[in-house]
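S.K.: fold the following, please.
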Amino acid sequence: MSQITSHILDTTKGKPAQGILILLFQLQNNNWKEIGRSITNSDGRVTDFLEKNAIAQPGIYKLKFETKSYYDQQTVKSFYPFVEIVFEITGGEHYHVPLLLNPFGYSTYRGS
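M.R.: Got it, this is the predicted structure:
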């Protein structure tokens, strides 16, 4: 498992959101640089943004969740074509960033 992980729960269904592309960016010189990407598995999780033993440098990071295609596949109208969550890494511990998602809202928190 990488140092940065995520998962998505579709709160409308009460189930994991499978098949959503999530991109990981790092802020470098005031520009976002993509450093990883993955697609949520059947449990709505991504555990492989970074290589298994890689440690992210302290700094500002962003996860971009490509939610539009997920809802388009279900023919569900939604308000947010994507969701971006910006967070700060200060050390070598594990950072889990979950997304609770529905077609017209979302929330997040620092997971464990």
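
S.K.: buried set for the helix or strand harbouring Y106?
M.R.: Assigned by DSSP states H and E, Y106 belongs to strand 105-108. Within strand 105-108, the residues that qualify as buried are 106, 108, counting by 16 or more other Cβ atoms under 10 Å. For glycine as for every other residue, the C-beta is placed from the backbone atoms N, C-alpha and C.

S.K.: so in that sheet, which strands flank that strand, and in what orientation?
M.R.: Strand pairing for strand 105-108, determined by DSSP bridges: strand 95-102 (antiparallel).

S.K.: give me the residues contacting the strand holding Y106.
M.R.: Applying Cβ atoms under 8 Å, 6 or more residues apart in numbering, the external contacts of strand 105-108 come out as 79-80, 83, 85, 97-100.

S.K.: please tell me how far it is from the chain's geometric centre.
M.R.: The chain centroid and the centroid of strand 105-108 are separated by 12 Å under Cα atoms, centre = their mean, to the nearest Å.

S.K.: quick one: the closest residue to D10 other than its chain neighbours from W32, how far?
M.R.: Counting by Cβ to Cβ, 6 or more residues apart in numbering, A17 is the residue found nearest to D10 once chain neighbours are left out, at 4.4 Å. Remark: distance between A17 and W32 (Cβ to Cβ, to the nearest Å) = 23 Å.

S.K.: for these two, work out which one has more neighbours and name it.
M.R.: When neighbours are counted by other Cβ atoms under 10 Å, A17 and W32 differ, and A17 comes out ahead with 23 against 16.

S.K.: quick one, strands of the chain?
M.R.: Counting by DSSP state E, residue ranges of the strands within the chain are 4-10, 15-16, 21-28, 31-39, 45-46, 59-65, 83-89, 95-102, 105-108.
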